[in-house]
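Chemist: missing the sequence, but the structure's below:
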Ligand code: C5P
């Protein structure tokens, strides 16, 4: 599954470094070639000799050694496809985010030209420390993929988050990376997300329970696949994921969302994940309405954003348009009807009976296209985001 892939493994100073040896074995078995660099701390926990035996290559530890003319800190990432920092200590992640380079491992990350995957490993207090969380968020914003640690009894005897992910899970994350990396290079995607906010007066509004989680996950999956992503999301949705390929634009109402989407065109991909309010308040007030004035709201229909983009004439219409259908009954029939009237190539249909989906971490969806109805297993919103990115890639290939 990883034939021909070249992994540069960076081993930093945590007890979990012994698991890096197992990871090398798994990667090699999967067909990858592995070359490793160790920090001085990493070399205390995993000996360069063990690493060399398993990789069949020199284990690099020194910035300037016998091979100094080769400039390891530059060359190592040039001849790799992915840099995996396993384990990644709090200190190493801090150094990375500050752009420091005082040994081979930190300098090669500074001079890197390849994607980075981090498998953090540390004590629970270190994991929860706000300074560390800031650094981790910064590392993600700089484009790193994080394989989260587990909550368990830690090597120090304390219990909590910080135990490094198992080698098999890290292998999976690496395989996921290669399944998606670069598949959408050069494409521009627009994703709408979250519930729109329709003002009643200067302090009150109407909205819905959409969290924006699914839209965030789709935007991140597309960005990690190489697309440049414009995420048009509502002011009350969860914080946008940070990724160098992702540009978030905050909007309030459906009208603003439509305008921002149109302004972001041209695009190759449009994913309408937003829970757009069907109606806006026609007689909204620019000041706060007093209680004793009473409230008699009049509504008018909002524009249908996905329909207005999905039915654009070529070449303005994005090559692939994806819509959602949240239904309580007749899921597939309604989704199929929506697909044609709204000009979508794919409708991701999900049942919202009994409040399912909104704000949840998981989603159960059915892909409805012109040719097929494909129910998917229940999966995390992150995983569904990846499934949608994969579907889009396949559709654009045809
Ligand atoms: O008609 P319904 O709201 O169920 O359609 C859902 C799909 O249409 C979603 O993809 C949603 O983002 C999109 N939509 C839209 N503009 C609207 C209403 C829905 O883009 N005004």
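Modeler: Structure's in. What do you need? On a predicted model such as this, the values are computed, not experimentally measured, just so you know.

Chemist: how near is the closest residue to the ligand within the stretch 101-250 of the chain to residue 176?
Modeler: Residue of the stretch 101-250 of the chain nearest the ligand, by Cβ to the nearest ligand atom: residue 192 (5.8 Å). (C-beta placed from N, C-alpha, C; glycine too.) Distance, residue 192 to residue 176, using Cβ to Cβ, to the nearest Å: 25 Å.

Chemist: residues near the closest residue to residue 165 other than its chain neighbours, how many?
Modeler: Distances taken as Cβ to Cβ, 6 or more residues apart in numbering place residue 147 nearest to residue 165, at 4.7 Å, with adjacent residues excluded. The number of residues packed near residue 147 is 23, by other Cβ atoms under 10 Å.

Chemist: With residue 191 instead?
Modeler: By other Cβ under 10 Å, the residues close to residue 191 number 35.

Chemist: Same question for the one 4 residues further on.
Modeler: The local packing of residue 195 (other Cβ under 10 Å) involves 22 other residues.

Chemist: From what I see, it and residue 208 are in contact.
Modeler: Yes. Using Cβ atoms under 8 Å, residue 195 is in contact with residue 208, at 4.1 Å.

Chemist: joint contacts of these two?
Modeler: Common contacts of residue 195 and residue 208 (Cβ atoms under 8 Å, 6 or more residues apart in numbering): 275, 277.

Chemist: hang on, the earlier thing: let me see the contact set for the residue nearest to residue 165.
Modeler: Under the criterion of Cβ under 8 Å, 6+ apart, the contact partners of residue 147 comprise 117-120, 165, 169-170, 173.

Chemist: Make a PyMOL selection of the buried ones in the residues you listed.
Modeler: Buried subset of the contacts of residue 147, written as a PyMOL selection, criterion 16 or more other Cβ atoms under 10 Å:
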select buried, resi 117+118+119+120+165+170+173
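
Chemist: Tabulate the contacts of residue 147 in a markdown table, adding columns for distance to residue 221, pLDDT and secondary structure.
Modeler: What follows is the contacts of residue 147, written out as a markdown table (distance: Cβ to Cβ, whole Å; pLDDT from 0 to 100; DSSP: H, G, I helix; E, B strand; the rest coil):
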| residue | distance to residue 221 | pLDDT | secondary structure |
| --- | --- | --- | --- |
| 117 | 15 | 97 | strand |
| 118 | 18 | 98 | strand |
| 119 | 20 | 98 | strand |
| 120 | 21 | 98 | strand |
| 165 | 19 | 97 | coil |
| 169 | 18 | 97 | helix |
| 170 | 19 | 98 | helix |
| 173 | 14 | 96 | helix |
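
Chemist: Of the contacts of residue 147, which are in range of the ligand?
Modeler: Among the contacts of residue 147, no residue lies close to the ligand (Cβ under 6 Å from any ligand atom).

Chemist: contact partners of the helix or strand hosting the residue of the stretch 101-250 of the chain closest to the ligand?
Modeler: Taking DSSP states H and E as the criterion, residue 192 maps to strand 188-193. Residues from elsewhere that reach strand 188-193 (Cβ under 8 Å, 6+ apart): 212, 214-216, 218-219, 222, 227-234, 237, 257, 261, 264-274, 276, 305-306, 318, 392.

Chemist: Buried ones among the residues you listed?
Modeler: Buried positions within these, assessed by neighbour count (16+ other Cβ under 10 Å), are 212, 214-216, 218-219, 222, 227-234, 237, 257, 261, 264, 267-274, 276, 305-306, 318, 392.

Chemist: Residue 192 and residue 176: which is more packed in?
Modeler: residue 192 (34 against 17).

Chemist: so who does the nearest residue to the more buried one once chain neighbours are set aside touch?
Modeler: Nearest residue to residue 192, sequence neighbours excluded (Cβ to Cβ, 6+ apart): residue 274, at 3.8 Å. By Cβ under 8 Å, 6+ apart, the residues touching residue 274 are 192-196, 210, 215, 232-234, 257, 305.

Chemist: For the biggest helix by length in the chain, buried residues please.
Modeler: Taking DSSP state H as the criterion, the chain has its longest helix at helix 381-397. Counting neighbours by 16+ other Cβ under 10 Å, one finds that the buried residues in helix 381-397 are 381-389, 391-393.

Chemist: That helix vs the ligand: in contact?
Modeler: No. On the criterion Cβ under 6 Å from any ligand atom, helix 381-397 is out of touch with the ligand, staying 11.9 Å away.

Chemist: Now do the same for that helix: mean pLDDT, whole number.
Modeler: Helix 381-397 shows a mean pLDDT of 95.

Chemist: From what I see, residue 380 and residue 360 are in contact.
Modeler: No. Residue 380 is beyond contact range of residue 360, at 9.7 Å (criterion: Cβ under 8 Å).

Chemist: circling back to that earlier point, need the pLDDT of the residue of the stretch 101-250 of the chain closest to the ligand.
Modeler: According to the prediction, residue 192 has pLDDT 98.

Chemist: and of the contacts of residue 274, the nearest to residue 328?
Modeler: Using Cβ to Cβ, residue 210 comes nearest to residue 328 of these, at 15.4 Å.

Chemist: separation between that closest one and residue 251?
Modeler: Taken as Cβ to Cβ, the span from residue 210 to residue 251 is 13 Å.
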